[in-house]
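> Pasting a predicted model and its sequence here:
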Amino acid sequence: MNLSKACKLALLASFSCLLLMVFSGAAYSATVHWTVTGNATEVITTGRSEVAGSVTLIVDDPALAFPGASVLSGTPAGGVTQLGITYGLNSNSNFPIQIDNQPDSGIRVYGPAFASAGLPLGLIVQNITSLSPTGQCSGFITIIIQPGVPLKNGDTIKVDGVRLRVDVSQANTVNTDIWVQVQSINDPTGNTFSPDTVRVAKSWPPLLVSTAVDVAYLCYRNWGNPSGPDAFLAQKITITEGFTRAFVAKDSNGAGVDSTDRVDNGGPNSLGGPFPGNLANFLGLPLNGTQVKVYLSGIPASIESVSWPSQAFNVIVPPSGPPAGFSWFQFIAGSSSFTAGTPGDPTKPGSASATYEYVTNNQTGLSDSTTESFVFNPQLKLSATNQQDTGTVLAGVSLWPPATDNVSSGCVAPYFAADYAALKIGRPRFATLYYSTSPNGNPVTGNPDATTKQLTGGLTGFGIYETFAPCRCYLLFPYVSVTSYYDTGLTVANTSMDSQVFGALGAPIQGGTVTWWLYDSLLKSLNTTGINLPATTPGQGGYSVDLTGTPVYQAGQTFQALASQILALVTPAKTQFTGYMIARANFQYCHGIADITDKTFANAAMGYVASVIPDPAVKGPYRTASAAADVITKLLAGESLNN
């Protein structure tokens, strides 16, 4: 079909008008097509201010494929162009995540077409913070491009530095993707995006913590180790990365930014941002590396101090083969604290804590390819005077520094003007969540009371670290008789009160209950769990029995009772007994006698000194009588006066 000359002229005019519009960029009504990319980062599930990956918008419009073609930003009515960015937990940006940045702090939007004097000309970032009624940070960013900015293919807008409150979102579940959705706000048809949703982060657990417990005996000076006063115990806290790149150093190998350092969010600044073009670390030089706080709770009053190791080295050999120890956690001077427990009151234990910072010789070459593991073994020193308060010490570890603000507060990301000018941005802060072994990688957490620093209920995030046990004393009464005519008087003395005689070299002060086991010559054992006799009021003399409670016999006090009184507490009660008894005193220095007399105390049949049985929990298993003279292993045997 042939077109008429008039038609041909009309088509030519229309095409000329189209070219004029494209090349002049004078039209506001054209739709701009953007290609969107996301550079995903790894964020911590407990992070209150985690750095999300960057979002890049690139003008990529077939209508602008001609050399020099451009289109002006703005609406047909001459208004600004508004591009909305929403952070959410799935590809539809549902369940939005709060952005932690202050409105004018940290978030950067820049590109070559808009850069002027180091600032993004024509671009304004708004992080809405006035959501009613809570005033929480929002999960929305608005980019405002002033009208009349010529846009051409290849022009780029990049958004980075966004801090997310992961810990108060559903991204606190491990392996959750975080997405960004981009849309045109005030002119829905003015901009299109492909794709309109990109992934910017994935959440991972920060660390895994396990504890290995050891038992300290209160009667062994310094550390409670029977091997000697200078021997440490084997308890330990093991901290392992939640994923291979969880721990980041402030400055790998201490040589400034080089090839061994982690590059946050891209390489050299080629996009004309506010930082010098040769700065490799896009997000600035961090103020500190990954920090952890190690917390000990439930410390009994028998502990006078805690000794923290200066370093905790990595114990994992990397896949590339160099030995372990290329990275470590360094004790931060002045970070330790210690609160002593209240003597005699197990409901008011003490606590201790210390903070460490991650250091590595090679972040990218070794650390980022190795799931590192670090062993901490703080030692708890026993008091020289209080050796009677027992207890179980629990250990927990949290990333540090903490997020001290309320989760409903406004945006408070740790990014300030002075830090911005000095190219320094603090590491993210974290929720104070203490970790223990977590089989599925999700948080298993608990918190100590921040005010009293005392152990509170439900500390599932704390593992048992060290148990403090008394050095008990066992007495054998080999013959005890209770008949219609005879009875046996029994005493157990707590002789740890001797400082008046020996001064500083005397026994440490101890106290505890006395428990009895009865073995009848015909009925065998009369009790299997032991009897705590609430007997004689110490210091009053006589054989009266206080049946209202089980007394603690302090240093210098003596248990006194008749065997018939102990026998009456057997279930069912017995009136006659012939056999032996074993008494267990929950203090170290015990001695006892037995005196068998008639029930009027007029005629004494016999008396003897009870034999001290070595504590098997400390001395090891019993030896046979034939090995009593074994001086090679020096293991006590049989029955002897052991102190």
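Yep, that arrived.
> who's Val180 bridged to?
Tyr87, Val198 (DSSP bridges).
> burial of it, as a residue count?
26 (other CB atoms under 10 Å). (Glycine included, C-beta is placed from N, CA and C.)
> in what helix or strand does Ile178 lie?
strand 177-184 (DSSP states H and E).
> other SSEs contacting that strand?
strand 32-39, strand 54-59, strand 81-88, strand 191-194, strand 197-204 (3 or more CB pairs under 8 Å, 6 or more residues apart in numbering; DSSP states H and E).
> List just the one of those strands that sits closest to Ile157.
Proximity to Ile157, assessed across these by CB to CB, is greatest for strand 54-59 (4.5 Å).
> next helix or strand past that closest one?
Scanning onward from strand 54-59 (DSSP H and E), the first element met is strand 71-72.
> Show me which residues of the host helix or strand of Val209 are buried.
Per DSSP H and E, Val209 falls inside strand 207-212. Neighbour counts over strand 207-212 (16 or more other CB atoms under 10 Å) mark 207-211 as buried.
> for stretch 503-512, same thing?
Under 16+ other CB under 10 Å, the buried positions of stretch 503-512 are 507-512.
> Give me the contact list for the strand holding Ile178.
With CB atoms under 8 Å, 6 or more residues apart in numbering as the test, strand 177-184 has contacts from 34, 36, 38, 43, 52, 55, 57, 81-93, 97, 164, 166, 171, 190-193, 196-203.
> can you give me the angle it makes with strand 32-39?
170 degrees (axes from the mean of the first three to the mean of the last three CA atoms, to 10 degrees).
> can I have strand 177-184 written out in CSV, keeping just the CAs?
In CSV, the C-alpha atoms belonging to strand 177-184 read as follows (Å, rounded to 0.1, in the frame of the first residue of the first chain):
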residue,chain,number,x,y,z
ASP,A,177,16.4,-13.0,53.5
ILE,A,178,15.8,-9.3,53.6
TRP,A,179,14.5,-7.5,50.5
VAL,A,180,14.1,-4.1,49.1
GLN,A,181,11.1,-3.0,47.0
VAL,A,182,11.4,0.0,44.7
GLN,A,183,8.4,2.0,43.4
SER,A,184,7.5,5.4,42.0
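> Just the angle for that strand relative to strand 54-59, thanks.
Using the same axes, to 10 degrees, strand 177-184 lies at 30 degrees relative to strand 54-59.
> hmm, back to that, helices and strands around whichever helix or strand comes after the strand holding Val209, which ones?
Following strand 207-212 in sequence order, the next helix or strand is strand 214-217 (DSSP H and E). For strand 214-217, the contact count by 3+ CB pairs under 8 Å, 6+ apart identifies strand 463-469 as packing neighbours.
> Partner strands of the strand it packs on, with direction?
strand 214-217 (parallel), strand 391-400 (antiparallel).
> how about a markdown table for those, with distance to Tyr358 and mean pLDDT added?
Below are these laid out as a markdown table (distance: least, CB to CB, whole Å; pLDDT from 0 to 100):
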| stretch | distance to Tyr358 | mean pLDDT |
| --- | --- | --- |
| strand 214-217 | 26 | 90 |
| strand 391-400 | 10 | 87 |
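> ok, back up a step: which other helices and strands does the strand holding Val209 contact?
Against strand 207-212 (3+ CB pairs under 8 Å, 6+ apart) you get strand 236-241, strand 391-400, strand 434-435, strand 463-469.
> closest one to Phe140 among these?
strand 391-400 (27.3 Å).
> buried ones in the closest one?
Going by 16+ other CB under 10 Å, strand 391-400 has these buried residues: 391-400.
> again, but for stretch 245-261
245-253, 260-261.
> Check those residues and tell me the two furthest apart.
Ala246 and Asn253, at 19.2 Å, using CB to CB across the buried residues of stretch 245-261.
> Strand 81-88 and the strand holding Ile178, what's the angle between them?
Going by the same axes, to 10 degrees, strand 177-184 makes 160 degrees with strand 81-88.
> quick check: mean pLDDT across stretch 187-206?
The pLDDT scores in stretch 187-206 average 92.
> now the end-to-end length of it.
42 Å (CA to CA, to the nearest Å).
> tell me which residues in it are buried?
187, 190-191, 193, 196-198, 200-206.
> how about Leu562, what does it touch?
So Leu562 contacts 487-490, 543 (CB under 8 Å, 6+ apart).
> And for Gln82?
Going by CB under 8 Å, 6+ apart, the list of residues near Gln82 reads 142-145, 184-187.
> partners of it in the sheet?
Residues in beta-bridge contact with Gln82 (DSSP bridges): Ile144.
> what's the answer for Ala585, then?
If you apply DSSP bridges, the partners that Ala585 bridges to are Cys473, Val514.
> same question, Tyr356
The partner residues for Tyr356, given DSSP bridges, come to Val292, Phe331.
> what about it, distance to Phe243?
According to CB to CB, to the nearest Å, Tyr356 stands 19 Å off from Phe243.
> out of those two, which sits in the busier spot?
It is Tyr356, of Tyr356 and Phe243, that has more neighbours when counted by other CB under 10 Å, with 27 against 17.
> any low-confidence regions in the chain?
By pLDDT under 70, the weakly predicted segments of the chain are 1-29, 91-94, 102-106, 111-137, 256-257, 262-287, 321-322, 403-461, 522-550, 617-643.
> Return the set of buried residues in stretch 330-339.
Within stretch 330-339, judged by 16+ other CB under 10 Å, the buried ones are 331, 335-336, 338.
> cool, stretch 31-43 as well?
Neighbour-count burial for stretch 31-43 [16+ other CB under 10 Å]: 32-34, 36, 38-43.
> Most widely separated two among those?
Val32 and Glu42 (32.4 Å).
> Only alpha carbons, please: show stretch 82-91 as PDB.
Output of stretch 82-91 as PDB, limited to C-alpha atoms (Å, rounded to 0.1, in the frame of the first residue of the first chain):
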ATOM      1  CA  GLN A  82       9.800  10.600  44.400                       C
ATOM      2  CA  LEU A  83      11.300   7.100  44.400                       C
ATOM      3  CA  GLY A  84      10.300   4.900  47.400                       C
ATOM      4  CA  ILE A  85      12.500   2.100  48.900                       C
ATOM      5  CA  THR A  86      10.900  -0.300  51.300                       C
ATOM      6  CA  TYR A  87      12.800  -2.800  53.400                       C
ATOM      7  CA  GLY A  88      11.000  -6.000  54.200                       C
ATOM      8  CA  LEU A  89      11.300  -9.700  55.000                       C
ATOM      9  CA  ASN A  90      10.000 -11.200  51.800                       C
ATOM     10  CA  SER A  91       9.900 -10.400  48.100                       C
END
